[in-house]
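>>> Got a sequence here, can you build the structure:
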Amino acid sequence: MLVLASGSPRRREILSMLGYRYQTAPAHADEKLEDGIAPDEAVAELSKRKASVGLRAYPDDVILGSDTLVFCEGVILGKPRSREEAFQMLRFLSGRTHQVYTGVTVLDRDRSKTWVSVSNVTFLSLTEEEIEAYLDTGESMDKAGAYAVQGKGSALIESIFGDFFAVMGLPASSTARALKEFGIKPEAV
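So this is what the prediction gives:
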């Protein structure tokens, strides 16, 4: 059976959309990383940790762990801890192109596969009023970079170069290919 080691509703939505049957088991892994770690290394490491926690709880299953972060001009942006921090993140991203890194690990007791997807996202230039209006939606608080590409945050974005679903939290096509390697197939394809 497939176990998603994440509580992310977006990752659940993507797996369900692809037709997978799975169990959800949010992995509470240590997310502390060494200072100065590269964003690709950070998401790869965190996805491995989450999947490993899941495997300890479900040793006979295939585990999927994932982590996403936003990287702009040398700064890693995670999930904002306050409305003010969300405002600062969105103001920082305004009018700029940033990278969204999503690390994914699929593993079972015998093997492991980890990869990273990188997408470029360009924001429109935003006014303070536009940022405040977006914050009023409440959508930004549990999202890396303080926005949801699949929600109202889509109105903030000028363009995306890369995998839309990776920006959302899980690269659909590469995840499907990896799961197939582990013998996990969708029910409806």
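>>> What's the local residue count around Tyr101?
24 (other C-beta atoms under 10 Å). Backbone N, C-alpha and C define where each C-beta goes, glycine included.
>>> Let's verify it: helix, strand, or coil?
Following DSSP: H, G, I helix; E, B strand; the rest coil, the label given to Tyr101 is strand.
>>> Wait, it touches Asp40, no?
Yes - with contacts counted by C-beta atoms under 8 Å, Tyr101 reaches Asp40, the gap being 5.7 Å.
>>> I'd like to know how far the residue in the chain sticking out farthest from the centre sits from Leu135.
Within the chain, Glu129 marks the point farthest from the mean C-alpha position, 27.3 Å out by C-alpha atoms, centre = their mean. Distance, Glu129 to Leu135, by C-beta to C-beta, to the nearest Å: 11 Å.
>>> Could you do Gly54 as well?
Gly54 is 33 Å from Leu135, by C-beta to C-beta.
>>> Ok, Pro9 next?
20 Å.
>>> Between these two, which has more neighbouring residues?
More neighbours surround Leu135 than the other of Pro9 and Leu135, with 18 against 11 (other C-beta under 10 Å).
>>> For the more buried one, give me its contacts.
The contact partners of Leu135, by C-beta atoms under 8 Å, 6 or more residues apart in numbering, come to Arg83, Ala86, Phe87, Leu90.
>>> could you show me where the helices are in the protein, in order?
9-18, 39-57, 83-93, 128-136, 164-168, 172-181 (DSSP state H).
>>> just the angle between the third one and helix 128-136, please?
Angular relation of helix 83-93 and helix 128-136 on a 0 to 180 degree scale: 130 degrees, by axes from the mean of the first three to the mean of the last three C-alpha atoms, to 10 degrees.
>>> what does the last one give?
Helix 172-181 and helix 128-136 are oriented at 30 degrees to each other (the same axes, to 10 degrees).
>>> buried ones in helix 172-181?
By neighbour count with 16 or more other C-beta atoms under 10 Å, helix 172-181 contains the buried residues Ala172, Ser174, Thr175, Ala176, Ala178, Leu179.
>>> Ok, stretch 142-159 next?
Neighbour counts over stretch 142-159 (16+ other C-beta under 10 Å) mark Lys143, Ala144, Gly145, Ala146, Tyr147, Ala148, Val149, Gln150, Gly153, Leu156 as buried.
>>> roughly how far apart are the residue lying closest to Thr97 once chain neighbours are set aside and Leu33?
Distances taken as C-beta to C-beta, 6 or more residues apart in numbering place Thr122 nearest to Thr97, at 4.4 Å, with adjacent residues excluded. As judged by C-beta to C-beta, Thr122 and Leu33 stand 27 Å apart.
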